[in-house]
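Novice: have a look at this prediction, sequence included:
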Amino acid sequence: SPYLIPNNYKHIARIIMSGQEDTGTVKFISSDGLSYEVPFNAARMAKSIIQEDTLGDLGEDTSFQIVKVSSAILEKVINYCKHYQEEKMQDIVTPLKGEHIGDTVKPGWYVTYCEGMEFETLFKISVAANFMDIKPLLDMCCFLIGLKARGKSTRELCNIFHIPDPGNGGGGVDGRNSGDEAME
């Protein structure tokens, strides 16, 4: 993948084969160059990064450059994955039990994790979770995005998602006619 650059897998293979999955670490490197030591059990939640069936045999340094995820977002993703190892989030099941995050997302740490989170941050975390293939985090983010979108008008949704408002002649949220605002 052009977005992940795994240096090697020998260290990961040793962690798995030696039974040190609870104590081993790998390194995730954000798009802006910050490096994070991540416990192996938390890192393996990122299924697109830690692929046990493709373990190779090169060198000791096991670091992964995640070039599409900034340090601010990667740090939040790592915090989620670390906590998930201590206290798993319950699956989000449908039909939903209520209209508030606390009615559906359990236990409470996960509610606290995302309460008050800016929509743009939540959206970036969902993109990172999708890219890194962290299903529980992606499920929670999609649920929260749905909650935030519920009851909004078309114009409000266009503003939230930075897409052209069909009601203003195809122009963007600020009257521009290009689709570039979604990428800003």
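Specialist: Perfect, thanks for sending it.

Novice: okay, and the residue positioned nearest the centre of the chain sits in which element?
Specialist: Nearest to the mean C-alpha position of the chain, counting by C-alpha atoms, centre = their mean, stands residue 129 at 2.5 Å. In the assignment (DSSP states H and E), residue 129 maps to helix 119-132.

Novice: list every C-alpha atom in that helix, with coordinates, as PDB.
Specialist: Output for helix 119-132, consisting of C-alpha atoms alone and laid out as PDB, is shown next (Å, rounded to 0.1, in the frame of the first residue of the first chain):
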ATOM      1  CA  PHE A 119     -16.700  16.800  14.300                       C
ATOM      2  CA  GLU A 120     -13.600  17.200  12.100                       C
ATOM      3  CA  THR A 121     -11.500  15.300  14.700                       C
ATOM      4  CA  LEU A 122     -14.100  12.500  14.800                       C
ATOM      5  CA  PHE A 123     -14.100  12.300  11.000                       C
ATOM      6  CA  LYS A 124     -10.300  12.200  10.800                       C
ATOM      7  CA  ILE A 125     -10.300   9.400  13.400                       C
ATOM      8  CA  SER A 126     -12.900   7.500  11.400                       C
ATOM      9  CA  VAL A 127     -10.700   7.800   8.300                       C
ATOM     10  CA  ALA A 128      -7.700   6.600  10.200                       C
ATOM     11  CA  ALA A 129      -9.600   3.700  11.700                       C
ATOM     12  CA  ASN A 130     -10.900   2.700   8.300                       C
ATOM     13  CA  PHE A 131      -7.400   3.000   6.800                       C
ATOM     14  CA  MET A 132      -5.800   1.100   9.600                       C
END
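
Novice: quick one: contacts for residue 33?
Specialist: By C-beta atoms under 8 Å, 6 or more residues apart in numbering, residue 33 lies in contact with residue 71. (Glycine included, C-beta is placed from N, CA and C.)

Novice: if I read this right, residue 114 contacts residue 144, doesn't it?
Specialist: Yes. The pair residue 114 and residue 144 qualifies as a contact (C-beta atoms under 8 Å) at a distance of 5.7 Å.

Novice: rewinding a little: how much space separates the residue nearest to the centre of the chain from residue 45?
Specialist: 10 Å (C-beta to C-beta, to the nearest Å).

Novice: against residue 49, how distant is the residue nearest to the centre of the chain?
Specialist: From residue 129 over to residue 49 the distance is 12 Å, taken as C-beta to C-beta.
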